[in-house]
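Asker: After the sequence you'll find the predicted model.
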Amino acid sequence: MAAILGGGLGGLSTGYYLLKNNLKSNNNLKLFLLEATNYCGGWIKSIRTKDYVFEQGPRTIRPKGVTGLNTLNMIEDLGLSEHLAPIKSDHPAAKNRMIYVNKNLHILPSSLMSVFQKSQPFSKPLIYALFNDIKSPHKELRDDSIYNFVERRFGKEIADYAISPMICGICAGDAKEISVKFLMKTLFEWEQNHGGVVKGLMKSMFNSKTDDTMELSSLAKRAKEEKWNVYTIRGGLEIFPESIHDYLIENNVDVNLNTKIEEIEFKDSSTVELKKSTGESLKANHVYASIPAYALATLVKRQHPQLAQNLSDIPFVTVGIVNLYFDSSKDLIEPAFGFLVPPIENSPILGVVFDSCCIPDQNGTVLTVMLGGRWFNEKFGENVTEDQLYDIAMNEIVRILNIKEKPAACNVNILKQCIPQYVIGHYERVEKIRRYIQENNLPISLVGCSYDGVGINDVIYSAKTQVEDHA
C-alpha cells in the first residue's frame with residue numbers, strides 16, 4: 001500500500017502516475033491520498049462567474065521543453081484538450097510584456113530586430129550585452145546568484161531590468177539570492193565549462209543533441225507546430241486538478257480530505273506509520289510526500305532531526321493576491337500580458353497580470369495584482385489585513401494604469417508561505433536530503449515545488465520522476 005501526503009497538484013499527479021504504472025505492471029497497489037484541508041488542488045484556485053474568472057494562483061502553463069510536453073500528454077489523457085485556450089507567439093499577451101521603471105511602463109524587447117535597437121529603460125541596444133559576455137573574464141564557481149551571474153556576463157541593466165523582475169514574476173523572489181541554476185543552469189554551465197555564454201552557445205550548436213525519447217500526444221505535437229507561447233483552461237485552471245482528482249476517484253484511490261497527519265514514524269525500510277491528529281494511524285509500505293518541505297520537517301523531526309533541519313532550511317515566501325474586475329465597456333488597459341516591477345523601484349507590488357488579455361471569456365477588464373513575496377513582511381508586517389492590501393493595490397492601479405473606476409468585484413487572498421525560494425546552494429541541499437533518505441533506507445519519496453521546480457510543469461514532472469524512480 002502507498003500513501004500520498006498532500007492533495008495539491010504534486011500529490012494528485014503522483015496518484016495519476018502511480019495508477020498508470022500499476023496498469024502497465026498489472027499491480028493491485030492500494031493507494032491512499034491524505035489532504036489536511038477540504039480541497040484538492042493546492043494553490044490552484046479559480047473563482048468562476050459568468051462575467052470573469054479570478055485566478056488566485058497560477059493562471060497559464062508553458063508548453064515548452066520536456067516538462068511542458070509531458071503536461072500536455074497528461075492533459076490529453078484526461079480528456080481536457082478541447083478546453084484549452086492557447087496564446088500563440090503572435091498574440092499581444094506573448095509579445096507585450098512590460099516593466100515599470102522610472103514612473104513609466106516599458107515593453108521589453110521580444111523580437112530579433114528589437115535586440116539591435118535601443119529601447120527604454122536600457123541605455124544601449126541589447127546586442128551590447130553579448131559583447132559584454134565575450135569580453136568578460138571566466139570566474140570559477142560552484143553556484144552563484146542569478147543576479148550576480150547576469151550582471152557579470154551581460155551587465156547591470158540586464159540584471160536590474162530584465163532578470164530581477166522576471167524572478168519576481170516566477171517565484172516572488174530576490175534575484176540577488178536565487179541560485180542561477182534555478183533558471184539558467186545551462187548558461188551557467190557554459191560559463192563554467194567554456195569561459196562564457198556565447199562561447200558555450202557556439203560549441204553547443206556543433207554538439208547539439210535532441211531528446212526525442214518522449215512519445216508525444218497529438219495535443220503536444222499541435223502545441224509545437226502552432227508555436228504556443230502559453231495556454232490556459234477555459235473556465236479556470238482549477239479544472240485541471242479537479243480532473244486529476246476525478247480520475248483518482250474513478251480508479252478507486254482512497255482520497256481523504258480534512259485528514260491532518262501529526263507525525264510520520266518509519267518502522268523499517270518497507271513500513272511507515274502515519275499518525276493522524278485524531279489519534280488513529282495508517283500504515284503504508286511507501287509514502288510520497290508532496291507537502292511543503294517545512295510542513296514535512298515537523299512530521300519527521302522526532303525520529304530524524306537532521307533531516308528535519310535540512311528540510312526547514314528551504315525558505316518560503318508569502319504573496320498577497322488582489323483580483324479586480326472592472327465592469328466597463330471600454331478597454332481600460334493596452335493588450336499585454338501585464339507588467340512587473342523591478343525591486344530597485346522599491347514598489348509595494350511585484351506586478352500586475354492583465355487577465356482579460358490572457359484568459360478567454362472575460363467581460364470587462366480583469367487584473368491581478370501581486371504583492372510582497374520576498375519582501376512581504378518588510379513592506380507590510382505580519383498583521384496586514386486583506387483590506388489594507390486591497391487599498392495598496394488600488395493605489396498602484398490608479399497611479400500606474402490611471403484607472404479611476406471602482407472595481408465591480410474584487411477578491412483578496414494572502415497566500416502564506418506559498419512559494420519556495422531556490423537560494424544559492426538549493427540543488428546541493430536537495431541532493432543532501434535525498435541522500436540522507438537513501439542512506440537511511442526510509443520508505444519516502446519527496447515530490448513537488450519544494451525540490452524540483454516551482455512551476456506547474458515542474459511539479460507534475462517531479463511526481464512522474466519520483467514514481468518511476470521507486471517503481
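Answerer: Yep, it's here. Worth saying up front: this structure is predicted, and the values here are computed from it rather than measured.
Asker: For the stretch 351-471 of the chain, which segments count as helices?
Answerer: Remark: helices assigned in the stretch 351-471 of the chain by DSSP state H, counting those that start in this stretch are 355-358, 376-380, 386-401, 426-439, 456-470.
Asker: Can you name the residues in contact with the second one?
Answerer: Residues from elsewhere that reach helix 376-380 (C-beta atoms under 8 Å, 6 or more residues apart in numbering): 317-320, 348, 371-372, 388-389, 392. To be clear about C-beta, it is placed using only N, CA and C from the backbone, and glycine gets the same treatment.
Asker: do the shortest one as well
Answerer: Contacts to helix 355-358, defined as C-beta under 8 Å, 6+ apart, come from residues 52-55, 59-60, 87, 92-93, 230, 232, 323, 333, 335-338, 362, 364-368.
Asker: And those, which of them are buried?
Answerer: Taking 16 or more other C-beta atoms under 10 Å as the criterion, what is buried in these is 52-55, 59-60, 87, 93, 230, 232, 323, 333, 336-338, 362, 364-368.
Asker: just checking, which of these belong to helices?
Answerer: Ala93 (DSSP state H).
Asker: Name the residues of stretch 345-363 that come out as buried.
Answerer: Buried, per 16+ other C-beta under 10 Å, within stretch 345-363: 345, 347-359, 362.
Asker: Report the separation between Ile4 and Gly15.
Answerer: Ile4 sits 6 Å away from Gly15, going by C-beta to C-beta, to the nearest Å.
Asker: Would you tell me which one of the helices of the stretch 351-471 of the chain is buried the most?
Answerer: helix 355-358 (a mean of 24; mean count of other C-beta atoms under 10 Å).
Asker: would you put the C-alpha positions of that one in PDB?
Answerer: Coordinates of the C-alpha atoms in helix 355-358 are reproduced here as PDB (Å, rounded to 0.1, in the frame of the first residue of the first chain):
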ATOM      1  CA  ASP A 355      -6.100  38.600 -17.100                       C
ATOM      2  CA  SER A 356      -8.700  40.000 -19.500                       C
ATOM      3  CA  CYS A 357      -6.000  39.700 -22.200                       C
ATOM      4  CA  CYS A 358      -4.600  36.300 -21.100                       C
END
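Asker: Could you pull up the residues touching Pro109?
Answerer: By C-beta under 8 Å, 6+ apart, the contact set of Pro109 is 115, 117, 119, 126.
Asker: Now do the contacts for the first one.
Answerer: Taking C-beta under 8 Å, 6+ apart as the contact definition, Val115 lies against 109, 125-127.
Asker: now swap in the third one and tell me
Answerer: Ser119 makes contact with 106-107, 109, 125, according to C-beta under 8 Å, 6+ apart.
Asker: any chance of the residues you listed in a markdown table, plus pLDDT, secondary structure and distance to Glu238?
Answerer: Below are the contacts of Ser119 laid out as a markdown table (pLDDT from 0 to 100; DSSP: H, G, I helix; E, B strand; the rest coil; distance: C-beta to C-beta, whole Å):
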| residue | pLDDT | secondary structure | distance to Glu238 |
| --- | --- | --- | --- |
| His106 | 94 | strand | 33 |
| Ile107 | 91 | strand | 31 |
| Pro109 | 83 | coil | 34 |
| Pro125 | 83 | coil | 43 |
